[in-house]
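Q: could you work out the structure for the sequence below:
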Amino acid sequence: MKRDTVTCSFVMDRDVYNTFKSIVSRHGENVKGNIVRYMQSVIEYDIPNADTILAIQEVQALKNNPNKKTYGSFSEVLEELDAEDDE
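A: The predicted structure is shown next:
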């Protein structure tokens, strides 16, 4: 074993594990890879909340989208929402 790696071992509820495994498998992932990627995201963003990490990634993707819609003020957003409600 390499000196710069660690083996993690923990006990958890079988149903929770099987449900998690089923979900990540449907998305072409495996449990170990998914957990390692989550840990890397926590380190990258210094935030241990999956929803927050996804929101940050979404904002970054929007910033990089040259076709994104922008608004000059929050009132413009509300006006657009009101117009959509009227349709």
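
Q: helix or strand for the most centrally placed residue in the chain, just tell me which one.
A: When the chain is reduced to its mean C-alpha position, the nearest residue by C-alpha atoms, centre = their mean turns out to be residue 54, at 2.9 Å. With the criterion set as DSSP states H and E, the secondary-structure element containing residue 54 is helix 50-63.

Q: where does residue 1 land on pLDDT?
A: Residue-level confidence at residue 1 comes out at 62, pLDDT.

Q: so, low pLDDT: which residues of the chain?
A: By pLDDT under 70, the low-scoring segments of the chain are 1-2.

Q: in it, which spans are helices?
A: Chain-ordered helices for the chain, with DSSP state H as the definition, fall at 14-26, 31-45, 50-63, 74-86.

Q: between those, which one is nearest to residue 5?
A: Comparison of the helices of the chain against residue 5 by C-beta to C-beta identifies helix 31-45 as nearest, at 11.3 Å. C-beta coordinates here come from the backbone N, C-alpha and C atoms, glycine included.

Q: and the closest one with helix 50-63, angle?
A: Helix 31-45 and helix 50-63 are oriented at 70 degrees to each other (axes from the mean of the first three to the mean of the last three C-alpha atoms, to 10 degrees).

Q: which elements pack onto helix 31-45?
A: helix 14-26, helix 50-63 (3 or more C-beta pairs under 8 Å, 6 or more residues apart in numbering; DSSP states H and E).

Q: looking at those helices, which is closest to residue 84?
A: Comparing the helices and strands packed on helix 31-45 against residue 84 with C-beta to C-beta, the closest turns out to be helix 50-63 (19.2 Å).

Q: and the helices of the chain: which comes nearest residue 6?
A: Distances from residue 6 to each of the helices of the chain were compared by C-beta to C-beta, and the smallest falls on helix 31-45, at 11.3 Å.

Q: alright, that wraps it up for me.
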